[in-house]
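Colleague: Sequence first, then the predicted structure:
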Number of protein chains: 2
Amino acid sequence: MSNAYNRPDQLSPELRKRVLDTARRLGYPGPDPVARSLRTRKAGAVGLLLTENLSYAFRDPAAVGFLEGLALACEDAGHGLLLIPANPEHEDVAAVHSAGVDGFVVYSVPDDDPHLAAVMERPVPAVICDQPNLSEVDRVGIDDGAAIKGLARHLIELGHRKIGVICMRLARTRNDGPASSERQANAHFHVQRARLAALSEAFAEVGVDWEQVPVIERFDHTPESGGSAAAQLMETDPEITAVMCTSDILALGALSEVRRQGRRVPQDLTITGFDGIDDAERVGLTTVRQPVMEKGRAAGRLLLDAGESTGRPREVVLDTQLVPGSTAGAPRSVEERWFGP
Amino acid sequence: MSNAYNRPDQLSPELRKRVLDTARRLGYPGPDPVARSLRTRKAGAVGLLLTENLSYAFRDPAAVGFLEGLALACEDAGHGLLLIPANPEHEDVAAVHSAGVDGFVVYSVPDDDPHLAAVMERPVPAVICDQPNLSEVDRVGIDDGAAIKGLARHLIELGHRKIGVICMRLARTRNDGPASSERQANAHFHVQRARLAALSEAFAEVGVDWEQVPVIERFDHTPESGGSAAAQLMETDPEITAVMCTSDILALGALSEVRRQGRRVPQDLTITGFDGIDDAERVGLTTVRQPVMEKGRAAGRLLLDAGESTGRPREVVLDTQLVPGSTAGAPRSVEERWFGP
DNA sequence: TGGGCGTACTGAACCGTTACGGTTCCCGCA
DNA sequence: TGCGGGAACCGTAACGGTTCAGTACGCCCA
């Protein structure tokens, strides 16, 4: 039976035809993929675990780019891509347990995510993106610290010393407002933690006390969040000359809020982002471009390349690129010092 | 064993604990999802079949919107979403056969697609989007004819009689150039066929002979395709006053090509699209908005709502909306008749 | 004519889980 | 003490395909 469908060379054409005819007559719908998976121990699919609601993933251009790359890699290998419904609110891990996949890609989840823990318990390989803390697992990412340091030095050269920061959520608990140093240091989202730490280092080099730098956190990753955070910054710390955002989405929201309030960018206020999404480049946002699609592709390749299990986990670090843009300029005070008021 | 994991009420807490402890000690990784699926006859996932490469799906905003809605519906039901690698070039149907899913959503494939045929052979329910021809299956879509007729009447009222059309691929075979009436009538992509037929009807009502209307087909659905098609139209049929595109992506490409050639829109040439993607509304494209996200959501709901099998297939037809925009205006000649040259 | 060999085909074990029916055990009650 | 009954637990049969050992048979050659 099995042979008739999958191994035509193992039996005579006439028997094969007879078997297939009989099967059709009996209404046999073809081999059951699940039973096949059970026997062969292969599911032919890769599971993707996201930190956000599935539907959100399609609204964030960076996530969409990642998905595109991952889908590409899966397609090349003939594997399906299973999006796992892991609601970050509920701690319901059942979806991870019941996913019939040959491996997992975990994208940008906090290090204490119960779904991540569930993935690690499954006896299949996993690749983690943007979350290097687990030492046992293959990972792909960028050098977040170096990337944002480049951006910081760019602003420092322009003369900025009084900056404000808008960052994405630092933990699974909602905190829309200032993020204390402790909260920053204990952030469960490694990417955010790394970026903030690197900023602090870069500015320490020119004598800026990080304790004095306002860091506004937002739970929802939307332009509206960026806008409200920018408004908050401008009200509580009006002396800042630059707003650095840890994502383009936040930066674009901040940009439009700042302009809505009648301030000119970059003359009155410098704004920077992170990611390099299309819309950011379109409006000339000063940012850092990271190869999101390549990241997805690399993750898929790593997972499917039958990791020759060298013992040590493999790591792929992709390059980033400073995108100067037009939303960063010399701060007011410096300008005035050189050219008068 | 099974009970220990899944039915805590069936046994005493202490036995459960003992079982679980022993299991852990033995390195038991938890119940195998594939075996569970085999036994329970449920996979906990929905399969999505697309006409394009998986990676392409993430580049077309309309498709992304659809995915978003579908993912939402799946998430609500606790189901995963499996993207099936169905390369339209290869006729390799194995991926459909080996997908462990409880049902399929088929999005915008041609009616002679072998993958579609493979889906129909599987003994699981399916929902088809934008492809109503199969009478046996639940479907969700819009009234393509009525929608584009509204747009056509809009142009007719403005005074357009000499138009050109740019459409997406009509069949699985590549044909970048004029589409004959036969090819239009025999198009395997029902959506395109319906739109062209409706346009022909709308213009017939004002005495336009459809045989004289140039219809340019493009295989790749990209802005570049739209641009080159527009260039082709302007060269072969310079007398046309309007270009109607069957998608916004094509229209945006056409728009930028037309402007690149120094023609003003809509003064020199009217351009219209279809879909209502964000970028289209941003640049003020005259188009028809269709609820892509709702479409995905409806498809998911239909599939997962345990179709109470009323015998007749169910059908969901969503509303569309004319978006006037700023890329459609009165044609030159009429303008001149009223206001002088 | 018989031994050896290769091909075509058959049967049974196994993958790991869940569903289901049977068995034990314990408690309350007469 | 005997009995009814329910809770707790256990054993086993599928689910449907793959794989592999084993059988039957035809053929060649000695």
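Modeller: Structure's in. What do you need?

Colleague: Give me the number of neighbouring residues for the closest residue to DNA strand C within the stretch 101-250 of chain A.
Modeller: Nearest residue of the stretch 101-250 of chain A to DNA strand C, counting by Cβ to the nearest atom of the strand: A:Pro123, 9.4 Å away. All C-beta atoms are positioned from the backbone trio N, CA, C, and that covers glycine. Neighbourhood size, A:Pro123 [other Cβ atoms under 10 Å in any protein chain shown]: 9.

Colleague: And for it, nearest residue in space, chain neighbours not counted?
Modeller: Sequence neighbours aside, B:Pro29 is the residue nearest to A:Pro123 in space, at 4.2 Å (criterion: Cβ to Cβ, 6 or more residues apart in numbering or on different chains).

Colleague: so who does that neighbour touch?
Modeller: For B:Pro29, the contacting residues are A:Glu121, A:Arg122, A:Pro123, by Cβ atoms under 8 Å, 6 or more residues apart in numbering or on different chains.

Colleague: sec struct for it, please.
Modeller: coil (DSSP: H, G, I helix; E, B strand; the rest coil).

Colleague: where does the stretch 51-200 of chain A dip in pLDDT?
Modeller: Where the stretch 51-200 of chain A drops to pLDDT under 70, the residues are A:132.

Colleague: For DNA strand D, what's the nearest residue on it?
Modeller: For the stretch 51-200 of chain A, Cβ to the nearest atom of the strand, closest residue to DNA strand D: A:Gly100, 13.3 Å.

Colleague: could you measure the residue nearest the centre of chain A against chain B, distance?
Modeller: Centrality entry for chain A: nearest residue to the mean C-alpha point is A:Ser108, 4.8 Å, by Cα atoms, centre = their mean. Counting by Cβ to the nearest Cβ, to the nearest Å, the gap from A:Ser108 to chain B is 17 Å.

Colleague: Next up, the contacts around that residue.
Modeller: When contacts are counted by Cβ under 8 Å, 6+ apart, A:Ser108 touches A:Leu50, A:Thr51, A:Cys129, A:Asp130, A:Gln131, A:Phe189, A:Val191.

Colleague: mind listing the helices in the stretch 201-341 of chain A by residue range?
Modeller: A:223-236, A:248-260, A:278-283, A:292-304, A:332-339 (DSSP state H, counting those that start in this stretch).

Colleague: With mean pLDDT as extra columns, can I get these in TSV?
Modeller: Shown next, in TSV, are the helices of the stretch 201-341 of chain A (pLDDT from 0 to 100):
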stretch	mean pLDDT
helix A:223-236	98
helix A:248-260	98
helix A:278-283	95
helix A:292-304	96
helix A:332-339	60
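
Colleague: residues from the stretch 51-200 of chain A in reach of DNA strand D?
Modeller: Within the stretch 51-200 of chain A, no position lies close to DNA strand D (Cβ under 7 Å from any atom of the strand).

Colleague: Which residues of the stretch 51-200 of chain A lie near chain B?
Modeller: Residues of the stretch 51-200 of chain A lying near chain B by Cβ under 8 Å from any Cβ of the partner chain: A:53-55, A:57-59, A:64-65, A:67-69, A:71-72, A:74-75, A:78-85, A:87, A:94-95, A:97-100, A:121-123.

Colleague: Following the chain onward from the helix or strand hosting A:Leu38, which element is next?
Modeller: According to DSSP states H and E, A:Leu38 maps onto helix A:33-40. Remark: after helix A:33-40, the chain's next helix or strand is strand A:45-50, criterion DSSP H and E.

Colleague: Can you tell me which helices and strands that next one packs against?
Modeller: helix A:61-76, strand A:80-83, strand A:104-107, helix A:114-121, helix A:292-304 (3 or more Cβ pairs under 8 Å, 6 or more residues apart in numbering or on different chains; DSSP states H and E).

Colleague: swap the cut-off to 7 Å and go again
Modeller: Secondary structure elements in contact with strand A:45-50, counted by 3 or more Cβ pairs under 7 Å, 6 or more residues apart in numbering or on different chains; DSSP states H and E, are strand A:80-83, strand A:104-107.

Colleague: okay if I get the ones you listed as a markdown table plus mean neighbour count?
Modeller: Compiled in a markdown table, the helices and strands packed on strand A:45-50 are given as follows (neighbours: other Cβ atoms under 10 Å in any protein chain shown):
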| stretch | mean neighbour count |
| --- | --- |
| strand A:80-83 | 28 |
| strand A:104-107 | 27 |
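
Colleague: quick one: which of those is nearest A:Arg289?
Modeller: A:Arg289 lies closest to strand A:104-107 among those, at 18.5 Å (Cβ to Cβ).

Colleague: Now the stretch 151-300 of chain A against chain B: closest residue?
Modeller: Distances between the stretch 151-300 of chain A and chain B by Cβ to the nearest Cβ are smallest at A:Met293, namely 8.4 Å.

Colleague: what's the closest non-adjacent residue to that residue?
Modeller: A:Gly69 (3.9 Å).

Colleague: what sits against that neighbour?
Modeller: When contacts are counted by Cβ atoms under 7 Å, 6 or more residues apart in numbering or on different chains, A:Gly69 touches A:Met293, A:Glu294, A:Lys295, A:Gly296, A:Arg297.

Colleague: nearest residue to the residue in the stretch 151-300 of chain A that DNA strand C sits nearest to other than its sequence neighbours?
Modeller: Per Cβ to the nearest atom of the strand, A:Gly300 is where the stretch 151-300 of chain A lies closest to DNA strand C, at 25.8 Å. Excluding the flanking residues, the one nearest A:Gly300 by Cβ to Cβ, 6+ apart is A:Ala73, at 2.5 Å.

Colleague: centre of the chain versus stretch A:110-130, how much separation?
Modeller: Computed by Cα atoms, centre = their mean, to the nearest Å, the chain-centroid distance of stretch A:110-130 equals 15 Å.

Colleague: Buried ones in it, by neighbour count?
Modeller: Buried residues in stretch A:110-130, counting neighbours by 16 or more other Cβ atoms under 10 Å in any protein chain shown, are found at A:110-111, A:113-116, A:118-119, A:122, A:125-130.

Colleague: repeat for stretch A:201-210
Modeller: Within stretch A:201-210, the residues scored as buried using 16+ other Cβ under 10 Å are A:Ala202, A:Phe203, A:Val208, A:Trp210.

Colleague: Just give the nearest non-adjacent residue to the last one, would you?
Modeller: Nearest residue to A:Trp210, sequence neighbours excluded (Cβ to Cβ, 6+ apart): A:Ser200, at 4.0 Å.

Colleague: next one: A:Arg314
Modeller: A:Asp138 (4.7 Å).

Colleague: now do A:Ala35
Modeller: Closest to A:Ala35 by Cβ to Cβ, 6+ apart is B:Leu38, at 5.4 Å.

Colleague: quick one, what contacts the one you found?
Modeller: For B:Leu38, counting by Cβ under 7 Å, 6+ apart, the contacting residues are A:Val34, A:Ala35, A:Leu38.

Colleague: Can you give me the pLDDT of it?
Modeller: B:Leu38 is assigned 93 on the pLDDT scale.

Colleague: State the distance from it to B:Val46.
Modeller: Going from B:Leu38 to B:Val46 by Cβ to Cβ, to the nearest Å gives 18 Å.

Colleague: A:Val93 is in contact with A:Met120, isn't it?
Modeller: No: the pair A:Val93 / A:Met120 is not scored as a contact, 11.4 Å apart, by Cβ atoms under 7 Å.

Colleague: hang on, the earlier thing: could you pick out the buried ones from the contacts of A:Gly69?
Modeller: Looks like the contacts of A:Gly69 have A:Met293, A:Glu294, A:Lys295, A:Gly296, A:Arg297 buried, using 16+ other Cβ under 10 Å.

Colleague: Would you confirm that the third one contacts A:Val317?
Modeller: No: using Cβ under 7 Å, A:Lys295 and A:Val317 do not qualify as a contacting pair, with a distance of 10.2 Å.

Colleague: Quick one: distance of stretch A:172-182 to the chain centre.
Modeller: Averaging C-alpha positions (Cα atoms, centre = their mean) puts stretch A:172-182 20 Å from its chain's average.
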